[in-house]
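Peer 1: coordinates for the following, if possible.
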Amino acid sequence: MGKDSKAKDSSKAKDPKAKDSKGKGKQADGDEGAGKSQKGGGGKGGGKADGLGTCTYVKARHILCEKQGKINEAYKKLQDGWLDNGDKVPPTEFAKISAEFSECPSGKKGGDLGWFPRGKMAGPFQEVAFSTPVGVTSAPFKSTHGYHIILAEGRKN
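Peer 2: The predicted structure follows:
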């Protein structure tokens, strides 16, 4: 069944289910319940090239700061160590910086959020987490909870 929708037009096949959370998360952070209906099958018929935006689960680490200046400081530390050289930040190094800068309780665990399904996280956080390639660190961004940097560690359906 997923192959049929993929063979036609995967965006049309996913539109009815993805309408509330895909692309609209920025406007309505309170729509968490709407995205939860995708939990079981929102991403099954996606493309196979990179899997971005089509997976059902993401494994990620993050840094959360209330102030933009602090998240920028954390990002600068990531840039100085790896990003300026075009390198990917190793999860262990990202974890150290998360423990140092993050104001989220997960910071004590190196920012590890584990595996989470599409629809669990609100608005921009979900959008960035599900669109960042595995092994890549996102640029800082704002959500209703503060400022974040995400390291995507894995994807699965």
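Peer 1: any regions of this protein where pLDDT drops low?
Peer 2: 1-54 (pLDDT under 70).
Peer 1: that one: strands as residue ranges?
Peer 2: Here the chain has its strands, by DSSP state E, at 57-65, 112-117, 141-143, 146-156.
Peer 1: got the angle for the longest one vs strand 112-117?
Peer 2: I take that to be strand 146-156. Comparing the axes of strand 146-156 and strand 112-117 via axes from the mean of the first three to the mean of the last three CA atoms, to 10 degrees yields an angle of 60 degrees.
Peer 1: buried stuff in strand 146-156?
Peer 2: Buried positions in strand 146-156, judged by neighbour count with 16 or more other CB atoms under 10 Å: Gly146, Tyr147, His148, Ile149, Ile150, Leu151, Ala152, Glu153, Arg155. Just so you know, the C-beta spots here come from the backbone N, C-alpha and C atoms, and that holds for glycine as well.
Peer 1: which of these lies closest to Gln126?
Peer 2: Ile150 (10.3 Å; CB to CB).
Peer 1: which positions in the lengthiest helix in the chain come out as buried?
Peer 2: Longest helix in the chain by number of residues (criterion: DSSP state H): helix 68-81. Neighbour counts using 16+ other CB under 10 Å place Lys70, Ile71, Ala74, Tyr75, Lys77, Leu78, Gly81 of helix 68-81 among the buried residues.
Peer 1: alright, that wraps it up for me.
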